[in-house]
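# here is my input, please return the structure:
(chains A, B, C and D)
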Amino acid sequence: MQGMFGQLINLFASVLLLLSFAMLAQRRVVTLIDLFMLQGATLVAATTVVGVVTHQPHLYLSAALTLLLKVALIPWLLHRVIRQLNVRWDVETLINIPTTLLLGIVLVIFAFNLALPISQLSSSVARGTLGIALAGVLLSFLMMITRSKAVSQVIGFLSMENCLFFAATSATYGMPLVVELGIALDVLVGILILGVFMFQLRERFDSLDIRHIEKLKED
Amino acid sequence: MYALYATLGIPLFGALLQAAVGHRSFAREINVALSAATFLAACVLTERIVTQGPQFAWDQAFFIDPLNVFLVTLTAFVGLTTAIFSRPYMAIEAEHGKMTPPRLRLYHSMYQLFNCTMLLALTTNNMGLLWVAMEAATLATVLLVSVYRTAASLEAAWKYFILCGVGIAQALFGTVLLFMAAEKVLGAEGGALLWTNLDAVKTQLDPAIITLAFAFLFIGYGTKVGLVPLHNWLPDAHAEGPTPVSAVLSGLLLNVALYALLRCKVLTDGALQTPLASRLMMGFGLLSVLTAAFFLLRQKDVKRMFAYSSIEHMGLMTFAFGVGGPVANFAGLLHMTVHSLIKSAIFFAVGHATQRAGTQIMADIRGLMKASPLLGWSMMLGALAILGMPPFGVFASEFLILTTAMREQPWATPFLLLALGVAFGAVFMRVQEMVFGSTNLPAGGTAHTAPAHLPVYAHLGLGLMLGIYIPPYLDAWYRQAAAMMGG
Amino acid sequence: MTFLGAISQLLAITAALLLAPLLMGWVNQWRAWMQNRSAPSLLQPYRMLHKLFHKESVVAEHATPLFRVVPYIVFGAMTLACGIVPTLSTELPLAPAADAIALVGLFALARVFISLAAMDIGTSFGTLGARREMLIGFLAEPALLMVLFTASLISTSTSLTTIVETLAHRELAIYPSLAFAGVAFTMVSLAENARVPVDNPTTHLELTMIHEALILEYSGRHLALIEWAASLKLFAYSCIGLALFFPWGVAEAQSPLALLLALPVLVIKLAIGGIVLALLETINAKMRIFRVPEFLATAFLLAVIGMLVRILLGG
Amino acid sequence: MDASATLAATAPHLGLALAVVLAWLLIGLLGLVAIRSFEFISKVLFPAGSIVSLCLAVVAFAALPAQPETAQLPLGLPGLPFHFRLDALSAYFLFVIGAAATGISLFASGYFRRGEGTPPGILCFEYHLFLASMALVVLADDAYCFMVMWESMALSSFFLVTANHRVAEIRRAGYLYLLVAHIGAIGILLCFGVLQANTGDYSFANMRAQQLGPFWASAGFLLALFGFGAKAGVVPLHVWLPEAHPAAPSPVSALMSGVMLKTAIYGLLRVSFDLLHAPLWWWGLILLALGLVTALFGVVYAAAQVDMKRLLAYSSIENIGLLLAGMGLAALFTAYGIRSVAALALTATLYHVASHAFFKALLFVGTGAVLHATAERSLGKLGGLLRFMPWVGWLSLVGVLASAGLPPLGGFVSEWLLLQSFLFTPDLPNSFLNMLIPAVAALIALIAALAGYTMVKFYGIIFLGQPREEKLAEAHDASALERAGMLWLAAGCLALGLLPVQFAGALSAITEQLTGVGLGATLAANAWLLVPMDVARASYGPVIFLVGVALCCLLAYVLVRRFYHGRLRRAPPWDCGFPFQTARMQDSAEGFGQPIRQIFEPFFRMERELPTASDTAPRYRVTLADHFWHWVYLPVARLVTRFAQAIAWLQQGRIAVYLLYSFVTLVAVLMLVRA
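Residues are numbered from 1 along each chain as shown, chains lettered A, B, ... in the order given. Next up is the predicted model:
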């Protein structure tokens, strides 16, 4: 039983990594949101499985929270934003996609290498996946660097948050509840603020292209 | 521990209250009253801690020891003086049409919320909650920075949000790793994220995990501290937000971030028995001091310049804590105190000057001394104080840091000498031109009444006092806190 | 202060005052002879002083009191200088008050005052002369000091009387350092006393004169004092040179007989010195003012070399 | 009250000195209170400050031979209260401060005028704060107290320098001054960091007790040399001095040149002789070499200046160089254990400290009076002022003579002592040094002679000749208080010149403290002759000297009067047959500088504009610039600017790039911790 669940978690982890790569490769903002939703769903599933294995009821709560926030609310919000702002395409990335993917692979190797000695120490069933969580964080980081639209940056940010949650689940059995609640609240407020900002940016700059918001600099 | 609940509750209540009435004309006075109440509560709390020693509250969820109680008092105090400063300031901003009633409401509400989150971050015993509070503080300040809704302020706020958000996400990862290490010793239950518990078992924590955790925590909280090269949000956010916000950002938020970093360092030092944390802090501290000094040279915007000065000073503190040992730690804490006092005072003065001149561009602000001697002197003395001129307190801490570094880390001193020299040259060149000489300010510009300068001079006075006399109880705090940080 | 000391001091000063114009006349006479001119009388300087003292003084309208005081100061300073230098005897009560360094200081004092007086009138020549005089001074002064130091190193003393006593008592050996110092001293003396090749005491050609430019505005008794002081200066320098390089015959303590003997010895030595000076002035040509720094720098270097030789070779 | 009573009982002199400092601060605060009542400040507060200064001088002089006294104030850092100590060295410098300030304050009470820049009350406050901080620098007995006072001194003097901050040039001067002062202060601070030897105890007593290895001791010494050198204006850190001293109001210039520079000498003496108590021989060599370079540089530049206050500022650089050279000699002899000669060199140095304080203060206040009377600083527009301002003129003459190092005034005594100590050098066991040092003596002689040249130029152009401008004829003499101040300073110059035995004898307490040998016994043997070693070796009796000169003068005067008529006729000066001479045809300051420029051409960075024969409007112009400025400071400034430019490129506003920085940093740190 334990073994099967372990494999299931590994599977979800792999899916997570795959989705991260897919996001890195994706140009269309709409698809990006969908991928993000999928990532959220995977996270929910993984959390639930860990909850089942370890009989930790607060993991269910965490899973529910994630479901509500990251699978339902945030994608819905994002969709609304891009519809209203009419940003469908992330026209071009700052670095071309094949290069980005190659960089991504290097990062994954780096992350695995980094996490390997540590994950041995974890008591969690999902310990092997710490490396994947780390890789996900780094990949999201990379995505934020390479994207030129504000929306895709936000999605990168959120995806990073997802991977962090996954790390919390995989390395331990989730953070204490009060912390998880706090984090969720922060994320929610944060995304609301970002949403408002995107409208205001659009209003001020006529664009959500971050290359237009680089007036503040040293000259 | 009602004092603690009051300290945290008043600003929280204030945030809600101001969300309702913050746009009304009396909201500014309410803001002052709330901050004063918070400060009073913090004083009572301090008195408790000083007389009765470190204490828990709410079943270990909060823990107050000398290290954080002094920061709590400082935060509440600067919060209060900034509220006092912002009262006439915001009135003038409203007059100029830069603040509309909805913006005022947002400003007042977020100001209280910001205070609340910082106090929470300081007092909580839970490393996770510390992270949550830091993030919340970021959110509150993002709104504060963008309150003018200008293109520049939006840009600054956006960068601030993204950079700090990403940065602090690394801290979350670090916290997760910390939790993972702690869990093995303390078990999943029993508050494995409580700092007191972690501190108790820190020698048993697994070094491999803690090493990695500290790397992430360092990057995360280091971003908020404004360490180079993670600092890029800081000058933008300081320059484009309202001046009271710049004052609390520099004076308080950076301190709280450094406080979080210090807590992590204590654990890491205990777990590793190697100087990893110290080396990182020294290296990045020094890099920050040096880089910021050179950035200072090219500034045209007065608030931006002092923002870089904040980076420089945070770098110096980080370096001091990295050097470690009772003297350097003491010096670091002292520097934290005086830096927030003096830097916020400078921002107050800058606020007056920019309102008087109607611009933040230094070339267009001339002859403040002629236009208003009180303003000119506050600007001049503030700048001299922050540049490390005695008898102001910044000098006292720089004295201790440099003399200790000379024997402990002599390799660093040429860099420090260079950086402090360049910084002095850069800042003083501008400030002198702003303060001295014939004025180019419009004759009928905004005139501030003498009481408006009170917060500036109060801060400068305190900074001066700390340079030549440190009260025994403050000394005792510093010593206990420095001892806690070990070396 | 012994009675004899007071006597010898007074005698030294009186002798200097009286002999100085004579030395001047002697040099002039010899110079004229060497240049195939008919010579003025040996007593010509006394006659000139007499004439000048009897004439009325004409002072520029806006001259300050400084202008009128300076001749006295210069005269006083030079008289004192002659009183300090051991001419006849080393038993001089005034000598401990001023050693070799103070002597150089004394000359400098006179020079500064006369330059200031020259500037007081505010004519172009006065200031020009002052500038040149100070230029020569700042180059000659260190050279003179170095010459004296070389002697001091030999006698480990800067006191002139001790130097003379030490040098007079040594066996007749050639000190190479003193040879260098001697040449340097001669060059400095020529410059300091406004002699060819640095200055021409008989010229009034405006562009080249130094000493004459300084005193252009003086007349009557003031001029007399200054001229007398100038001859005293020459006398003092000659005596310093004789004391350093030919110290024999100077009377030492408690010996009235030696004192009596010293006077004729001094006169003979001065006479020979005067002829040498006239000779030097005859065989040299006046140099351009811009060459003077080079001339004096050479003197300075020679003096320093002399000193180094003294340290290096112990000679 | 209780504390002050115990202080008075255990440390009477120190208590009094601190009381004086307190009185100064009080006067300053009173000035702040009565910020705009000009009469009160100038007629009551400044004279009061002068009297207080006099008290300080008296107390300090009395404390010279006394035992060291210590006290603590409950201020400063925790565990490190302000320590004060009054020993012979600090007493002496305190005396110099007090004595010079007496005259300068007196002058200042007549000097400051209404309606110039900073309000009088603030000036009064800054002025007395400046005095107080200088006194406390000298009294400080721990590093923190010292640094606080040191920087307060810099700060208060900065504000005084920029009193008239409407002028851009003055602001620039002030900026340069404070910048150099601050960087120097950091150097001193690091020096103390070395000296405390990681004990965390910053008191001088602890530093004295530490035995540092040669490496750390030398590091400490070099840092101190850098720090104090920056304050003293040692080449190549001198650039601020000729800018700041002329910019300040004259009494402040006098204080800065005459007194403040000496605190740097004090600090260097304190650190190298007292705290490090074992100078290595090459420290002495460095001091000597730097001192000579500084002195020669200073005097050559002084001789070429055309602004009277700049001229004096460069002359201060020269004197600092001489002090440094003397100190270097003392260090050399101490290192070789020839303590009696070390004591002699040190006596010379200390003597010069006092005499320079007096004559430079006198000259600076003199220029102040001239500046007030004529509103002119440029030598090319002055002239003939002795007739219109006889008091200032004659009193300045005393300063000029002292500054030129002429007997029988103060400047000569110190030069004499210095040259004497050079002559004893052949005792050194190092043959190289034996060769070198006489040559150095030659250089000292050259410098002294050049100082004479400079001073003749200074005095002759300002006070003698004919006024070069019409308006100079209306120049008024100094007011009574100003005269009194100048009289005091001139009297100081005279006293130092005529009473060297008594004064140098008082210094033996210091040399005993620093080198272990005092000259007091040797000196006391003869009241009228200054005999450092032995009367056969060298002696100097200024009183006899003066009496001798005076007697000769008097004799000449009496004889001339007695035997000849005293007829005197006033006539226009001889015009050389060219009747159209004007005052502008007098030799100018530039002209006076010409031989110097020619001889020392490589010293200067010269820009000349020479007229040719065919010029219809011929124009002659020559500007002098400092090589150091061009070859050291400008390149450094350019380098810093360029670096700042390069670094600004890092921050180009693109959020993606910023994220990349964070990312790279993260990866780098991760790799670092893995390794």
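# using the three-state scheme, assign the closest residue to residue B:103 other than its chain neighbours.
Counting by CB to CB, 6 or more residues apart in numbering or on different chains, residue B:147 is the residue found nearest to residue B:103 once chain neighbours are left out, at 5.3 Å. In short, each C-beta sits where N, CA and C put it, glycine included. Assigned with DSSP: H, G, I helix; E, B strand; the rest coil, residue B:147 falls in the helix class.
# ok, is the longest helix belonging to chain D in contact with chain C or not?
Scanning chain D for the helix with the most residues, using DSSP state H, yields helix D:339-374. No - judged by CB under 8 Å from any CB of the partner chain, helix D:339-374 and chain C are separated, with a smallest distance of 12.1 Å.
# that helix: what's the following helix or strand?
Reading on from helix D:339-374 to the C-terminus, the next helix or strand found by DSSP states H and E is helix D:385-388.
# and the spatially most central residue of chain A, helix, strand or coil?
Centroid-nearest residue in chain A: residue A:159, 1.3 Å away (criterion: CA atoms, centre = their mean). For residue A:159, the assignment made with three-state DSSP gives helix.
# next: residue B:63.
strand.
# for chain D, what's its nearest residue on chain B.
Residue nearest to chain D within chain B: residue B:406 (2.8 Å; CB to the nearest CB).
# okay, now that residue: neighbour count?
Residues lying near residue B:406 (other CB atoms under 10 Å in any protein chain shown) number 25.
# ok, the one 3 residues further on next?
When neighbours are defined as other CB under 10 Å, residue B:409 has 17 of them.
# which residues touch it?
Applying CB atoms under 8 Å, 6 or more residues apart in numbering or on different chains to residue B:409 gives the contacts B:282, B:323.
# and the residue nearest to residue D:659 when sequence neighbours are not counted, its phi and psi?
Distances taken as CB to CB, 6+ apart put residue A:145 closest to residue D:659, at 4.6 Å, once the chain neighbours are dropped. Backbone torsions of residue A:145, given as degrees, to the nearest 10, read phi -70, psi -40.
# need the three-state assignment for residue C:198.
coil.
# first vs last residue of stretch D:639-658, how far apart are they?
26 Å (CA to CA, to the nearest Å).
# quick check: mean pLDDT of it?
Per-residue pLDDT over stretch D:639-658 has a mean of 89.
# any part of that stretch near chain B?
Yes - judged by CB under 8 Å from any CB, stretch D:639-658 and chain B are in contact via D:640, D:641, D:643, D:644, D:645, D:647, D:648, D:650, D:651, D:655, D:658.
# show the pLDDT at residue A:88.
What the model reports as pLDDT for residue A:88 is 68.
# show me where the stretch 51-200 of chain C has strands.
Under the criterion DSSP state E, counting those that start in this stretch, the stretch 51-200 of chain C contains strands at C:57-60.
# burial of residue B:459, as a residue count?
For residue B:459, the tally of surrounding residues (other CB under 10 Å) stands at 31.
# the helix or strand hosting it packs against which elements?
Assessed by DSSP H and E, residue B:459 sits inside helix B:454-468. Using 3 or more CB pairs under 8 Å, 6 or more residues apart in numbering or on different chains; DSSP states H and E, the elements in contact with helix B:454-468 are helix B:66-95, helix B:325-357, helix B:373-386, helix B:393-408.
# do the second one and chain D meet at all?
Yes - using CB under 8 Å from any CB, helix B:325-357 reaches chain D at B:326, B:327.
# which secondary structure elements does the next helix or strand after that helix sit against?
Moving toward the C-terminus from helix B:325-357, the next helix or strand (DSSP H and E) is helix B:368-371. In terms of contacts (3+ CB pairs under 8 Å, 6+ apart), helix B:368-371 is packed against helix B:325-357, helix B:373-386, helix B:413-435.
# related to what we said a few turns ago, now the buried members of the residues of stretch D:639-658 next to chain B.
Buried members of the residues of stretch D:639-658 next to chain B, scored by 16 or more other CB atoms under 10 Å in any protein chain shown, are D:640, D:644, D:647, D:648, D:650, D:651, D:655, D:658.
# including distance to chain A and secondary structure, could these go into JSON lines?
Shown next, in JSON lines, are those (distance: CB to the nearest CB, whole Å; DSSP: H, G, I helix; E, B strand; the rest coil):
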{"residue": "D:640", "distance to chain A": "15", "secondary structure": "helix"}
{"residue": "D:644", "distance to chain A": "9", "secondary structure": "helix"}
{"residue": "D:647", "distance to chain A": "8", "secondary structure": "helix"}
{"residue": "D:648", "distance to chain A": "4", "secondary structure": "helix"}
{"residue": "D:650", "distance to chain A": "8", "secondary structure": "coil"}
{"residue": "D:651", "distance to chain A": "4", "secondary structure": "coil"}
{"residue": "D:655", "distance to chain A": "5", "secondary structure": "helix"}
{"residue": "D:658", "distance to chain A": "9", "secondary structure": "helix"}
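# as CSV, these with distance to chain C would be great.
Output for these, formatted as CSV (distance: CB to the nearest CB, whole Å):
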residue, distance to chain C
D:640, 40
D:644, 46
D:647, 50
D:648, 52
D:650, 56
D:651, 57
D:655, 68
D:658, 65
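# ok, which pair from the residues you listed is furthest apart?
Of all pairs drawn from those, the greatest distance, 28.7 Å, lies between D:640 and D:655 (CB to CB).
# near the residue of the stretch 1-150 of chain C found nearest chain B, how many other residues are there?
At 38.7 Å from chain B, residue C:138 is the closest residue in the stretch 1-150 of chain C, using CB to the nearest CB. By the criterion of other CB under 10 Å, residue C:138 has 29 neighbours.
# I'd say it and residue D:446 touch.
Yes - using CB atoms under 8 Å, residue C:138 makes contact with residue D:446 at a distance of 7.1 Å.
# roughly how far does the residue of chain B closest to chain D sit from chain A?
Taking CB to the nearest CB, to the nearest Å as the measure, residue B:406 falls 32 Å from chain A.
# leaving out the residues flanking it, which one is nearest to that residue?
Distances taken as CB to CB, 6+ apart put residue D:193 closest to residue B:406, at 2.8 Å, once the chain neighbours are dropped.
# also residue D:597?
For residue D:597, the closest residue by CB to CB, 6+ apart turns out to be residue D:304, at 5.6 Å.
# got the contact list for the one you found?
Going by CB under 8 Å, 6+ apart, residue D:304 touches D:593, D:596, D:597, D:600, D:604, D:624.
# out of these, which sit inside strands?
Among those, the residues falling in strands (DSSP state E) are D:604, D:624.
# what is the nearest of the contacts of residue D:304 to chain A?
Distance ranking of those against chain A, using CB to the nearest CB, places residue D:624 first at 37.4 Å.
# number of residues surrounding the residue nearest to the closest one when sequence neighbours are not counted?
Distances taken as CB to CB, 6+ apart place residue D:604 nearest to residue D:624, at 5.0 Å, with adjacent residues excluded. Counted with other CB under 10 Å, the burial measure for residue D:604 works out to 19 neighbours.
# could you look up the SS state of the closest residue to chain C within the stretch 101-250 of chain B?
Relative to chain C, the nearest point of the stretch 101-250 of chain B is residue B:228 (55.9 Å; CB to the nearest CB). Classification of residue B:228 using three-state DSSP returns coil.
# okay, now the unreliable bits of the stretch 351-487 of chain B?
B:444-445, B:487 (pLDDT under 70).
# average pLDDT for the strand ranked longest in chain D?
Secondary structure assigned by DSSP E gives strand D:69-77 as the longest strand of chain D. Regarding strand D:69-77, the rounded mean pLDDT is 87.
# now the angle from it to helix B:393-408?
110 degrees (axes from the mean of the first three to the mean of the last three CA atoms, to 10 degrees).
# list the contacts for the closest residue to residue D:70 other than its chain neighbours?
Closest residue to residue D:70 apart from its sequence neighbours, by CB to CB, 6+ apart: residue D:85 at 4.7 Å. The contact partners of residue D:85, taken as CB under 8 Å, 6+ apart, are D:14, D:68, D:69, D:70, D:71, D:139, D:140, D:141, D:204.
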